[in-house]
Every structure is written in C-alpha cells, then in structure tokens.
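1. Task: produce atomic coordinates for the following.
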Amino acid sequence: MRKSRTWILAGIMLAMLLALGVSCAKKKVTMEAEPAQEMAADESQQAAEDEAARREAEEARMREQREREERQRMEAAGMAEEARRQAFEGENINFDFDKYVLTPQAMMILDEKAAYLREHPEMRVLIEGHCDDRGSNEYNLALGDRRANSAKTYLVKSGVAESRLTTISYGEEQPLCMQASEYCWARNRRAQFSIR
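-> Okay, the predicted model is just below:
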C-alpha cells in the first residue's frame, strides 16, 4: 500500500508539475503573443499611413498636372487671340485707282473684321485712309478720308458701334511701297486698321 501511495503521490506531483509547466508555457506564449500583436498593429498602421501618403502624393501630382495643362491651354488661347489680333491689324483692304468704293474682296475682309469686333466689344479701332502718290496732296487727303469712311460705314452696317470707330486720312504720306509701278500704287491705295 505504501508503494501505491507513493505512486499516487508521485502521479499527483507529476500532474502538478505538468500543470504548472503548461501554465507557465501558456503565460510565455501569451506574453510573446502580445508583442507580436502589437507589431502587427504597428505594421498595419504604418501600411495605412503609407497608403494615405501615396494617395496624397498622387492627388498632388494629378492636381499639378491639371494646373500645368490649364496654364498651357491659357497660353495657347492667349497666343491664338494675339494671332487673331495681329491678323486683324495686318490685313488691309485695297481700292481701285481714284476710287473709294469697296471691292468684293474688301467686303469679305471687312466681314471678318466686323465679326472679330463683335466678339470684342471693348476694342476701339482707328481706320486709316491711304492713297498712292498720284494726284495733289489735298486731293489725296480727301480721297483717303473717303476710303476710311467707306470702311467705317460698312463696319457700322455690319453691327459695330460707330462710337468704337475713328477715321483719319494720311493721303499719300505713308506709302507701303516707294516704287513708281502699278504694283506699288495698288498696295498704297488702302485702308489700314489699328486697334486702340
């Protein structure tokens, strides 16, 4: 009996030792598991912060690209508008010798100018009348005045406010071409337009 009690006691002790060992092992695992969970949480938070930073950087890049494209559009529109303005001022209308009646080609040019001026109601225009060097100074000043006024009248009939148009005659004083040839005389018989 004594032997059996010893065995029982030894079994109980062994069971207690095993229970104590398992209990300690569980505590150790639990204690080791807590830092692992904290690391996983830190990694998850870091990943979320990285993703947020990436999204923010991508949004900033896209915003910058949109702003750059908008600036380019504005610059292109400004360049196109400047080209239209230069075309307006750079295209004269010409007249036949000793005439101030508008030609069909002159009317087409004036139609384009009227459309441009209707789009830009803030613009004012100086219409200059010019002549070739044949005829007296007085005669050419009067003819240049009639040429400028015929262009003005056409523009007013095309819907441009008369108050926006001013005329002046230079007669033969400002030729584009100095040679005594029909080509040069034809170029000098003109109405010229300047935006003010």
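2. what's the spacing between the lengthiest helix in the chain and its chain's center?
-> Of all segments of type helix in the chain, defined using DSSP state H, the longest is helix 2-90. Between the centre of helix 2-90 and the centre of its host chain there is 40 Å, according to C-alpha atoms, centre = their mean, to the nearest Å.
3. What helix or strand is residue 110 located in?
-> helix 104-119 (DSSP states H and E).
4. how far out from the middle of the chain is the helix or strand just after that helix?
-> Per DSSP H and E, helix 104-119 leads on to strand 125-130 as the next helix or strand towards the C-terminus. Taking C-alpha atoms, centre = their mean, one finds the center of strand 125-130 at 33 Å from the center of the full chain.
5. contact partners of strand 125-130?
-> For strand 125-130, the surrounding residues in contact (C-beta atoms under 8 Å, 6 or more residues apart in numbering) are 117, 143-149, 151-152, 155, 164-172, 174-176, 188-196. Placement of C-beta: from N, CA and C, glycine included.
6. Report the rounded mean pLDDT for that strand.
-> Predicted confidence along strand 125-130 averages 98 (mean pLDDT).
7. ok, now stretch 43-58?
-> Per-residue pLDDT values over stretch 43-58 give a mean of 87.
8. And the pLDDT for residue 80?
-> According to the model, residue 80 carries a pLDDT of 89.
9. what about it, how many neighbours?
-> As a burial measure, residue 80 scores 10 neighbours (other C-beta atoms under 10 Å).
10. The one 10 residues further on now?
-> Summarising burial for residue 90: neighbours were counted as other C-beta under 10 Å, giving 10.
11. got it, and residue 41?
-> Counted with other C-beta under 10 Å, residues neighbouring residue 41 total 10.
12. So it versus residue 49, what's the distance?
-> Between residue 41 and residue 49 the distance is 13 Å, computed by C-beta to C-beta, to the nearest Å.
13. now residue 15
-> 50 Å.
14. Quick one: list the elements packing against the longest helix of the chain.
-> Taking 3 or more C-beta pairs under 8 Å, 6 or more residues apart in numbering; DSSP states H and E as the contact definition, the neighbouring helices and strands of helix 2-90 are helix 104-119, strand 190-195.
15. Any stretches of the chain with poor pLDDT?
-> Scanning the chain with the threshold set as pLDDT under 70 gives 1-5, 7, 10, 17-36.
16. and the helices and strands packed on helix 2-90 as a markdown table, adding distance to residue 74 and mean neighbour count?
-> As requested, the helices and strands packed on helix 2-90 are arranged in a markdown table below (distance: least, C-beta to C-beta, whole Å; neighbours: other C-beta atoms under 10 Å):
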| stretch | distance to residue 74 | mean neighbour count |
| --- | --- | --- |
| helix 104-119 | 18 | 16 |
| strand 190-195 | 21 | 20 |
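17. Much appreciated, bye for now.
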